[in-house]
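Need a 3D model of the sequence below.
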Amino acid sequence: MGPFAREVLAAYLTAAALVAVGFGLLRAALWLGMERRLSARQTLRVGRMTWALAVLLPFGALGVREVLPVAPLFTFERSLVRYTAPVELAEARAVRGVVSPPPPTGRGVPVAVPGVMLGAGMFGFLVWELRRYARLRRGLEALPLLRRVGRVRVVLGDTGGGAFSVWFPGHGAWVVVPSVLLEDAEAFRLTVRHELQHHRQRDTVFAYARLGFDSAFFWNPFARAFSRWLADRQEFACDEALVTGPRVPAEAYARCLLQASSRVPGSSPLPAGVTGMSHPTVRRIHMLFEPRPRSSGRALGLVFSLALVMAPLALWAQGAVRGRAVSLTEARALAARQQEGDLPVVVDAAVVEQLNRFVTTPKGRDFMRKALANLAVHREVLTGTLRSKSLPEGLLAVAMVESAVSNLPETSREPSLAPGPRGAGVWMFIPETARRYGLKVETGHDERLDVARETEAAAALFQALHARYGDWRLALAAYNQGEGVVDRVLAETGVRDVSELTRTGKLNGYTSTVQAGVLLLRNPHLLD
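I've put the predicted structure just below:
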């Protein structure tokens with residue numbers, strides 16, 4: 001699973017948690033007395049806004065995090081060039097093999113598996129509901145038409161679940177009334193008015209948003225409870241809108257509700273996009289005769305209070321789910337604070353992805369902590385040679401990536417992050433390159449294991465490669481893949497942008513790995 005997919009999954013899981021928190025806070029506020037201070041329509045609006053905040057805040061937090069990077073990623077003064085104390089490893093864990101995305105250890109479930117399962121569940125739930133929706137539309141077209149009210153068709157149907165209203169995008173709107181109501185003119189009139197009110201207050205449109213919400217969080221019991229609560233509040237708001245008008249007396253409407261309760265003793269689930277008259281309750285009838293607050297200030301105040309609680313929770317939860325992950329904006333800010341003359345870092349998606357493997361995975365952290373500890377041992381020899389050749393000290397990241405700054409023989413099975421043939425020494429020279437730069441590679445005598453001599457050869461190679469290409473990223477690519485490969489790619493494509501060549505697979509990801517290592521060179525606190 002790529003970084004973007006992990007970001008979206010983290011935001012989705014945060015939204016799932018925030019739905020439960022928001023619903024709980026809303027119900028608590030209403031139970032503590034706010035319900036008596038709000039009208040039914042105000043309560044419905046507050047509920048919908050809380051619902052929207054719970055779903056949208058985590059995804060908004062992704063954008064906010066890109067615009068406003070957070071601490072501690074901006075402690076720039078701890079440059080590894082001045083780093084002298086060895087880093088103590090949090091765990092003395094043996095590291096095997098190359099760090100790869102994501103590191104499958106055989107234990108636990110890969111991150112992509114729950115994402116695929118969730119996607120399959122959402123799709124299955126949505127398809128099931130849409131099939132019911134399609135069957136309902138076909139059935140409604142065959143029902144007898146009683147009358148038209150504007151664009152709404154009032155039809156007669158015996159569904160066994162009472163009256164309901166529904167809107168089909170591109171196919172019009174319906175009100176379905178049970179045939180038994182033809183015997184009671186007043187009940188028929190009030191029921192039709194009730195269902196038409198659902199169309200007026202756009203409940204039949206909002207029903208599709210609830211369908212998407214239910215599909216997205218099909219596994220979340222709090223989401224299902226929130227959705228049912230919103231559906232009930234739509235009924236309260238619709239009742240209130242009718243009895244506040246001059247044409248519907250509260251007493252007559254209460255009798256209609258009681259009669260509907262006796263006719264439809266049980267509740268049956270309605271298909272997608274349908275808004276039906278839920279079964280009357282004592283609370284619903286009492287609401288008809290209660291005074292209704294008119295001021296909207298309390299509703300806005302309640303929404304604002306809930307937002308003040310939920311927004312920080314969304315930001316905190318995003319950070320907790322993401323862990324130590326570094327964003328593209330943060331990585332670019334880190335790269336911008338380089339020392340003059342040091343190795344330039346061009347931050348792209350590949351660099352950020354590799355940096356987060358170092359920062360967020362156990363293998364990556366262990367490898368880089370080991371590299372920092374070993375660098376403290378060899379620091380004087382390595383940096384002294386690079387400075388004497390006027391080379392950027394950021395090239396120390398090459399030794400980190402190649403060998404974790406370990407002086408390893410060619411037969412060693414210690415890990416390396418560099419693709420391709422395995423070499424020896426701190427800089428992992430292969431025999432051919434070592435001999436080309438004056439190192440003896442013989443049985444019983446391998447000058448690649450002389451850190452000072454090999455560093456001199458590495459410095460000469462870096463000078464030659466930079467002089468050849470005039471670009472440090474191309475020089476790094478040639479260090480790993482060879483000048484022949486880089487020359488051929490440049491000739492075939494005419495492109496010198498290493499980010500583009502890496503993205504299209506013309507060059508491997510070695511340059512991105514080294515540049516991510518440079519960012520850790522300058523900011524070892526990312527591993528804290």
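
Then V176 would be within a strand, right?
Yes: counting by DSSP: H, G, I helix; E, B strand; the rest coil, V176 is found in a strand.

where in the stretch 301-450 of the chain is pLDDT low?
318-324 (pLDDT under 70).

Give me the pLDDT value at the residue of the chain most remote from its centre.
Centroid-distance maximum for the chain: E183 at 55.5 Å, with C-alpha atoms, centre = their mean. The model reports E183 with a pLDDT of 85.

Now find how far off-centre the helix or strand that contains A10 is within its chain.
Secondary structure from DSSP states H and E places A10 in helix 3-29. Relative to its parent chain, helix 3-29 has a centroid offset of 11 Å by C-alpha atoms, centre = their mean, to the nearest Å.

do stretch 196-211 as well
Chain-centre distance of stretch 196-211: 29 Å, with C-alpha atoms, centre = their mean.

Give me the buried positions along that stretch.
For stretch 196-211, the neighbour count (16 or more other C-beta atoms under 10 Å) marks L196, Q197, H198, H199, Q201, D203, T204, F206, A207, R210, L211 as buried. For every residue, glycine as well, the C-beta is placed using N, CA and C.

Return the subset of the residues you listed lying in strands.
Secondary structure from DSSP state E places none of the buried residues of stretch 196-211 in strands.

Just the residues you listed: which are in helices?
Here DSSP state H is the test, and those give L196, Q197, H198, H199, D203, T204, F206, A207, R210, L211 as lying in helices.

of the buried residues of stretch 196-211, closest to E141?
If you rank those by distance to E141 using C-beta to C-beta, T204 comes first, at 17.0 Å.

Could you name the helices and strands sitting against the helix or strand encompassing A399?
In this structure, A399 is located in helix 396-403 according to DSSP H and E. Under the contact criterion of 3 or more C-beta pairs under 8 Å, 6 or more residues apart in numbering; DSSP states H and E, helix 396-403 touches helix 362-388, helix 510-522.

can I get these in JSON lines with mean neighbour count?
Shown next, in JSON lines, are the helices and strands packed on helix 396-403 (neighbours: other C-beta atoms under 10 Å):
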{"stretch": "helix 362-388", "mean neighbour count": "19"}
{"stretch": "helix 510-522", "mean neighbour count": "27"}
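
Would you mind giving those as JSON lines with distance to L343 added?
Formatted as JSON lines, these follow (distance: least, C-beta to C-beta, whole Å):
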{"stretch": "helix 362-388", "distance to L343": "10"}
{"stretch": "helix 510-522", "distance to L343": "6"}
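
residues in contact with V175?
Shown in contact with V175 (C-beta atoms under 8 Å, 6 or more residues apart in numbering): V149, V152, R153, V154, V155, A163, F164, S165, V192, E195, L196, H199.

same question for the helix holding A10, mean pLDDT?
86.

That one: which residues count as buried?
By neighbour count on 16+ other C-beta under 10 Å, the buried set for helix 3-29 is 3, 6-23, 25-27, 29.

how about the strand or helix carrying V154: buried residues?
In this structure, V154 sits in strand 152-156 according to DSSP H and E. Neighbour counts over strand 152-156 (16+ other C-beta under 10 Å) mark V152, R153, V154, V155 as buried.

cool, stretch 415-425 as well?
Across stretch 415-425, burial judged by 16+ other C-beta under 10 Å covers P415, S416, L417, A418, R422, G423, A424, G425.

Let's have the residues you listed in TSV, adding distance to R488 and secondary structure.
Putting these into TSV (distance: C-beta to C-beta, whole Å; DSSP: H, G, I helix; E, B strand; the rest coil) gives the following:
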residue	distance to R488	secondary structure
P415	29	coil
S416	25	coil
L417	24	coil
A418	20	coil
R422	23	coil
G423	22	coil
A424	27	strand
G425	28	coil
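
want to try a markdown table for these, with distance to E235 as columns?
Formatted as a markdown table, those follow (distance: C-beta to C-beta, whole Å):
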| residue | distance to E235 |
| --- | --- |
| P415 | 63 |
| S416 | 66 |
| L417 | 61 |
| A418 | 66 |
| R422 | 71 |
| G423 | 74 |
| A424 | 77 |
| G425 | 76 |
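
just curious, which of those residues is nearest to A475?
Closest approach to A475 among those (C-beta to C-beta): A418, at 14.8 Å.

State the distance from that closest one to M428.
6 Å (C-beta to C-beta, to the nearest Å).

Show me the common contact partners of these two, please.
Taking C-beta under 8 Å, 6+ apart as the criterion, A418 and M428 both touch E402.

tell me the SS of A173?
With three-state DSSP as the basis, A173 sits in strand.

how many neighbours does it have?
Applying other C-beta atoms under 10 Å, we find 20 residues neighbouring A173.

residue contacts, it?
A173 is in contact with R151, V152, R153, S165, V166, W167, H199, T204, counting by C-beta under 8 Å, 6+ apart.

now do A335
Applying C-beta under 8 Å, 6+ apart to A335 gives the contacts P344, V345, V346, V347, L519.

and if you look at A516?
V351, V352, Q354, L355, R357, F358.

what pLDDT does the nearest residue to the third one once chain neighbours are set aside get?
Just to be clear, that refers to Q354. Distances taken as C-beta to C-beta, 6 or more residues apart in numbering place A516 nearest to Q354, at 4.0 Å, with adjacent residues excluded. A516 carries a pLDDT value of 95.

just to revisit the earlier point, can I get the buried residues of strand 152-156 in JSON lines with distance to T383?
Output for those, formatted as JSON lines (distance: C-beta to C-beta, whole Å):
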{"residue": "V152", "distance to T383": "79"}
{"residue": "R153", "distance to T383": "82"}
{"residue": "V154", "distance to T383": "84"}
{"residue": "V155", "distance to T383": "84"}
